[in-house]
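> I would like to see how this sequence folds:
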Amino acid sequence: MAALLPEILFECNGQAPAPSKDFYQLIVSRSEVIMRWWKISLRSEFREVRPGELKESHEDFVDDSLLHAQIGIVFGKKTQSYVTNLCHGQYDLLERLPESLILYILTFLDLEDIAQLSQVSHTFQKISNSNKLWEHIVERSCDRVTPEMRSLAQDLGWKQFFFTNKLQLQLQLCRRRKRQESPDMFLD
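Here you go, the predicted model:
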């Protein structure tokens, strides 16, 4: 199972809370947690401080409450909790699938399921609202998608096109035809 995971499981950068100007980097690899810092200070006692790095195995990190607290202060409690879960071997494998594969899986779901899945994470929200997914849904639900309908859907967005009722679509298509037939009429 671990072979499916990339070498770097998580990475983020951040600045310590004000008034500090210190920068931090947090990396969680398959085998260790790496915390790097750069002290940025105008105070004379910190001018000569070099950047630092702390590496711990997952097992050591789980027991290091001081590092947990520091990650919580700099990156927030959610990040600290997420890193701890990664170190316990709790990976979110579904989030790590390629976007094209997730999109393919979503094409088999009902609309209600897609709506619920879009609330799970930012990744699923982005994919659930993507034009690629809604283009597939429109093509699946319509008998035929004409080039004119396709052009309108690309202008509106495929999701908006799907949820627009038929009467409104017919009106928009009719207006579009009129504009294309006499483009100079609208220039005045």
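> Now do the residue nearest to residue 114 when sequence neighbours are not counted against residue 104, distance only.
For residue 114, ignoring the flanking residues on the chain, the nearest one in space by Cβ to Cβ, 6 or more residues apart in numbering is residue 128 at 5.3 Å. C-beta here means a position set from N, CA and C on the backbone, and glycine is covered the same way. Taking Cβ to Cβ, to the nearest Å as the measure, residue 128 falls 13 Å from residue 104.
> Show me what the helix of greatest length in the chain packs onto, helices and strands only.
Secondary structure of the chain read by DSSP state H shows that its longest helix is helix 166-181. Secondary-structure packing of helix 166-181 (3 or more Cβ pairs under 8 Å, 6 or more residues apart in numbering; DSSP states H and E): helix 147-156.
> quick one: buried residues of the helix or strand that the helix it packs on is followed by?
Per DSSP states H and E, the first helix or strand lying C-terminal to helix 147-156 is helix 158-163. Buried residues in helix 158-163, counted by 16 or more other Cβ atoms under 10 Å: 158-159, 161-162.
> before we move on, the earlier item: can you pull the contacts of the residue nearest to residue 114?
Under the criterion of Cβ atoms under 8 Å, 6 or more residues apart in numbering, the neighbours of residue 128 are 106, 114-115, 117-118.
> Just read off the phi/psi values of it.
Dihedral pair for residue 128: phi -70, psi -20, per degrees, to the nearest 10.
> How far away from the center of its chain is the helix or strand bottoming out on mean pLDDT in the chain?
Taking mean pLDDT, DSSP states H and E as the measure, helix 166-181 is the helix or strand of the chain with the lowest mean score, a mean of 82. The chain centroid and the centroid of helix 166-181 are separated by 36 Å under Cα atoms, centre = their mean, to the nearest Å.
> Would you mark the buried spots in that helix?
So, applying 16+ other Cβ under 10 Å, buried residues of helix 166-181: 169, 172.
> Can I get stretch 26-43 as CSV, trimmed to CA atoms?
C-alpha atoms of stretch 26-43 as CSV (Å, rounded to 0.1, in the frame of the first residue of the first chain):
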residue,chain,number,x,y,z
LEU,A,26,7.2,21.3,7.1
ILE,A,27,7.7,18.2,5.0
VAL,A,28,6.3,14.7,5.7
SER,A,29,7.9,12.0,3.7
ARG,A,30,7.1,8.3,3.7
SER,A,31,9.6,7.8,6.6
GLU,A,32,10.2,11.1,8.4
VAL,A,33,9.0,14.5,9.4
ILE,A,34,11.2,17.4,8.5
MET,A,35,10.8,20.9,10.0
ARG,A,36,13.0,23.7,8.7
TRP,A,37,13.2,27.3,9.9
TRP,A,38,14.8,30.6,9.0
LYS,A,39,15.1,33.2,11.7
ILE,A,40,14.4,36.6,10.3
SER,A,41,15.1,39.3,12.9
LEU,A,42,16.5,42.7,13.3
ARG,A,43,17.5,42.0,16.8
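> Alright, that wraps it up for me.
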